[in-house]
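Novice: Got a predicted structure here, sequence first:
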Amino acid sequence: MKPAPFTYHRPLSIDEAARILSDVAEHDGRIIAGGQSLAPMMAFRVARPHHLVDINEIAALDVLTIEDAALRIGARVRHARFIPGAIAGPTGELFAKVMPNIANYSVRSRGTFCGSLAHADPASEWCALATLLDAEIIAHSVRGERRIDVRDYFDGAMSTTLAPDEIVIEARMPVLREGTRTGFYEFSRRKGDFAIAMAIVAFSVENGRITSPRVSIGGAEPYPRRIHEAEAALDGAAPDAAAFAAAADAAAAAVDPMEDAMTDAAYRRDIVRAATRRGLEQAMQ
Amino acid sequence: MNAKPQGVIGQSVQRLEDRPLIIGKGMFVGDISFAHQLHMRIVRSTSAHGLIKRIDAQAARALPGVHAVWTAQDIPEIGPIDFREGKIEKLEPYRQPVLAIDRVRYVGEPVAAIFASDAYIAEDAADLVEIEIEDLPVIMDARAATGDFAPGLSSEAAIITQGFGDTASVFATAYAVVEIDVTVGRHSGVPLETRGAIGRYDAARDVLELHGAAKVPHKNKETLARLFGRPAAALHLFETHVGGGFGVRGEIYPEDILVLAAALRFGGAVKWIEDRREHLMAANQSREQHHKTRAAVDEKGTLLAIENEFWHDQGAYPRTHAMRVAETTCGILPGPYRVGAYKALGHYRLTNKTPAATYRAPGRYETNFVRERLLDAIAAKLKISRIDVRKQNLISSDEMPYARPLCVLEDDVSYDSGDYVGLLDKSLKAIKWDELQGELAERRKRGELVGVGLATFVEKSGLGPTDGAHVCVDTTGAIEVITGGASVGQGFETVMAQVCAEALGVDYRNIRVVHGRTDRIDFGIGAHASRATVMTANAVHAAALIVREKALSFAAELLQSDAAMLDIIEGRVIRRGESEGPSITLGEIANHLRPAAKLRRGREPGLSADGWFDTDHQVYPYGNQIAVVSIDRETCAVNVEQYVIAYDIGRAINPVLVRGQILGGFAQGLGGALYEEFLYDERGEPLSVTFVDYLMPTANEVPNVEVIIAEDAPSPRNPLGIKGAGESGIAAVGAAIASAVDDALSSPGAVTQLPITPQRLKKIMNRLGRA
């Protein structure tokens, strides 16, 4: 449980970080922010970066604000920042609903939102939320800045389309309209564990009908995605048990669940169904 | 003989142990260091079974900072690891070598040892050791066909039988026969502090030391002295603070022997601290058994006979406990019930998993599950209540002591005392059993899956035959109690001090309790099998009474009074009922008993004494556990809504500490019932080597528990009436929750396997059409 040897860098600006990473990327250089996933992987020697580029000294990465109806989250923003009231409107409410489900208190006070996106664990709540909100990932390198649509960002379980020399410096996402209803449900065997599956939902109700429905499912497949079949089942329907059950069934049918030693596809599919329906019900409370 | 009722015994006084722990000055094994120590790292097998073709440690040896790399051929003088209780002929060839010789038998088996100047370099070097292994077929199920442990040695290392009466004829004529087929999953003690060992050779005194000992320092000293061919006075074990024992800490493992061998050879100190991944693949695992059990009953559900065949998954090697868990399984399975005839047959099978041994309530967690499943099955078959079937069969208090021709820990089973039915009634009252039935029925009508389950059990504790202690009053009046006991965090010092304080008439806070040091006392039983309070406290009590007697007899002379008229209050000898009269402190008496003191006049020097406690039999506490659970119909997660544990331990020295033992044990039992399991894939690769995969219940998962500590049946087998308290909390959690889950599903016998994971429960519910 001692990491393999590595060289530690602590740049003071984004440009300096990009320059260092550019130099060390081919020697498995890695960015570290909260280190809540990377450090344990290094302790197990599953990850053996020869260089660690620590971005915790870069104050410019602290941004957490709404600008032009888009939420900007810098790479130094910890999970624990998303307490109720930290962000205005239904987007903030949703973030505050999701946040306490991430791991445990110490992880939440160190780990970062952008770090979760970079790590891309299938069961990352933030990845599912970024997916729901059609986020853009801002990747920075010596070659400049690149904006990646979340739909083009994930590449598999714990795999993204980031180049080895790119740093996720920020995530941006359009905020939800006032009045949007949101819900979140995940199931894990213990509180704070990687979820077996989760659903994050958002929709509005106009004249008794659901509009702009969004359903994002995480944990079930190698990376989260919006389930258009479930959204279609909701769109224009009355927000009632029948519509929610139909959406839940649609989500369960649409996913291609991962399997592991404990959990077969059928069980995970059942959890997707339950999570979707419960997330939708929560949105109506 | 009995201590006075108003004393410090029975009070929930504060722990003497807490101060250093609270202010961060505890000394755990990781806190111990010696100058110029080397750090050891073990290179472990990545194959579950195979022949070692080649080990190349050249690159590791060449790494700067590496002092040595050992494989089996570097330590030919060190034999395999002995059994704690001595030679067992038929298991001798199965003992684990300290480093694998020619063949590996589980993933995690030590193959090589690195010694380096720091722990990082040691781990870097371990990465550089190349091991080539030719894989052999694995056995991953103890019920599967046996194979060869080695040429000519079957993987069925032993068959164990116990029993009495002619079960066959009873079954042939019984009113009904009930059969179950159940499995207990592999789980084990996972203490917050992992194992660790520091070997140190003190050349100036020619003493070999092992720091980081736990549980059974004196027994381990005997074994290690024999292994290293050293006189008893030239090898000593030193306990540190211990962050949880639970049976797995403190046994002799390969790593303990390696640090000692290296300390001897290199002439210094060698430190090894286990990491969590290692703990989850190298420390003793436990529990995994498959039982096919049947009962013959009459029309009222009376147990006429039980036959139990089981397969005990020992993992790759017997460990220091040899066959203890399987033997205990045979001996304790009938539990608190009368049984006319009984036959147990255990297959002690080696598989290609981490070796197994004892974990808190060994053989009882398993058999309580099996037996209580059987009782529930009888109730269901005969359509009588789960309470009635138990009451029908519970041994009654007027049958005590109740002996039966079975054996547990080489001790003939003889229950000492108990009112089993009385305690069950108390528990049922606590949970309001009758009202609860109505509430649950109401909730079920509304579509909820809710149920209640119960388990009754008898524990064993206080294994003899003997323990001793030394009590010494110094000239300031401070008292030292020297024991051969051990503390694994349970409050040992406080309890010993309370017993000594009451017998002697002093403040318990004025007492220091020594434990876990083989250089201070020649004999000791350590801390295991819920023995410490029964055995060591009674020895302390005996020693303290002798010191009291010495003090009073000398004080009688000094105060010119009759000893019978004197009492000791807060360390001062006074005339009974005369707080103002002449008095003398224990410190002053000790001063007069100095070897050179004038007034001593031929009396034995020192105000001190050895005391011993001998016993013929163990003592048997008993209890009940009742669970109320609800099941999420969709996720199939089990939520424990209410839990009652009632336990009669004869006499509680410190009720808060007893309660702590019960609650801590319960959390572990809940783990085995719902969460924790060591899983392996079909090639023998362990799948539960991190806390992501091995799920310990946390504060979020552990519900409140109502604890009832009963003192209705003090043990007649010791002066203090004590029975052990360490293992009841865990002992029947699997049994009670399984019964409650059945009830929630309105389907007796639904649960046949622990842990009851949501994934497994989903399959059961699908089968029953309840999902």
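Specialist: Structure's in. What do you need?
Novice: give me the number of residues near residue A:182?
Specialist: By other C-beta atoms under 10 Å in any protein chain shown, 22 other residues sit near residue A:182. C-betas here are computed from N, CA, C, even on glycine.
Novice: And it, how close does it get to chain B?
Specialist: 21 Å (C-beta to the nearest C-beta, to the nearest Å).
Novice: Name the secondary structure element that contains that residue.
Specialist: Per DSSP states H and E, residue A:182 falls inside strand A:181-187.
Novice: Does the nearest residue to residue A:237 once chain neighbours are set aside fall in a helix, a strand, or a coil region?
Specialist: The spatial neighbour of residue A:237 that comes closest, neighbours along the chain excluded (C-beta to C-beta, 6 or more residues apart in numbering or on different chains), is residue A:243 at 3.8 Å. State at residue A:243, reduced to three classes by DSSP: H, G, I helix; E, B strand; the rest coil: helix.
Novice: Please give me every residue in contact with residue B:352.
Specialist: Remark: with contacts taken as C-beta atoms under 8 Å, 6 or more residues apart in numbering or on different chains, residue B:352 is in contact with B:48, B:49, B:105, B:106, B:138, B:139, B:140, B:315, B:316, B:684.
Novice: The stretch 1-150 of chain A against chain B: which residues are in contact?
Specialist: When proximity is defined by C-beta under 8 Å from any C-beta of the partner chain, the stretch 1-150 of chain A lies next to chain B at A:1, A:2, A:3, A:4, A:5, A:44, A:45.
Novice: And these, which of them are buried?
Specialist: A:1, A:2, A:3, A:45 (16 or more other C-beta atoms under 10 Å in any protein chain shown).
Novice: circling back to that earlier point, next, format the residues of the stretch 1-150 of chain A next to chain B as a markdown table and append pLDDT.
Specialist: As requested, the residues of the stretch 1-150 of chain A next to chain B are arranged in a markdown table below (pLDDT from 0 to 100):
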| residue | pLDDT |
| --- | --- |
| A:1 | 90 |
| A:2 | 95 |
| A:3 | 96 |
| A:4 | 96 |
| A:5 | 96 |
| A:44 | 94 |
| A:45 | 95 |
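Novice: tell me which element residue B:218 is part of?
Specialist: Assigned by DSSP H and E, residue B:218 falls in helix B:217-228.
Novice: Work out the gap between that helix and the centre of the chain.
Specialist: Chain-centre distance of helix B:217-228: 20 Å, with C-alpha atoms, centre = their mean, to the nearest Å.
Novice: Past that helix, which element shows up next along the chain?
Specialist: Past helix B:217-228, the next helix or strand by DSSP H and E is strand B:235-239.
Novice: what sits up against that following strand?
Specialist: Contacts of strand B:235-239 (C-beta under 8 Å, 6+ apart): B:207-214, B:217-218, B:220-221, B:224-225, B:228, B:486-487, B:515-519.
Novice: What residues sit buried inside stretch A:103-120?
Specialist: A:103, A:107-108, A:110-120.
Novice: just stretch B:290-304 next, same as before
Specialist: B:290, B:291, B:292, B:293, B:294, B:295, B:296, B:297, B:301, B:302, B:303, B:304.
Novice: Could I get the full set of helices for the stretch 1-150 of chain A?
Specialist: A:14-24, A:38-43, A:89-98, A:105-110, A:113-119, A:125-132 (DSSP state H, counting those that start in this stretch).
Novice: would you list those in a markdown table and tack on mean pLDDT?
Specialist: Listed next are those as a markdown table, based on pLDDT from 0 to 100:
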| stretch | mean pLDDT |
| --- | --- |
| helix A:14-24 | 98 |
| helix A:38-43 | 96 |
| helix A:89-98 | 98 |
| helix A:105-110 | 97 |
| helix A:113-119 | 98 |
| helix A:125-132 | 98 |
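Novice: and among these, the most buried is which?
Specialist: helix A:125-132 (a mean of 28; mean count of other C-beta atoms under 10 Å in any protein chain shown).
Novice: next helix or strand past the helix or strand encompassing residue B:441?
Specialist: Assigned by DSSP H and E, residue B:441 belongs to helix B:433-445. Counting by DSSP H and E, the next helix or strand C-terminal to helix B:433-445 is strand B:449-458.
Novice: Make sure residue A:178 is actually in contact with residue A:92.
Specialist: No. Assessed by C-beta atoms under 8 Å, residue A:178 is found out of contact with residue A:92, at 11.6 Å.
Novice: where's residue B:117 relative to chain A, distance?
Specialist: According to C-beta to the nearest C-beta, residue B:117 stands 13 Å off from chain A.
Novice: Please apply the same query to residue B:501.
Specialist: Counting by C-beta to the nearest C-beta, the gap from residue B:501 to chain A is 41 Å.
Novice: Also residue B:115?
Specialist: For residue B:115 relative to chain A (C-beta to the nearest C-beta), the value is 15 Å.
Novice: what sits opposite that residue in the beta ladder?
Specialist: residue B:40, residue B:68 (DSSP bridges).
Novice: Run through the residues that contact it.
Specialist: By C-beta under 8 Å, 6+ apart, the neighbours of residue B:115 are B:38, B:39, B:40, B:66, B:67, B:68, B:69, B:70, B:122, B:262, B:266, B:270.
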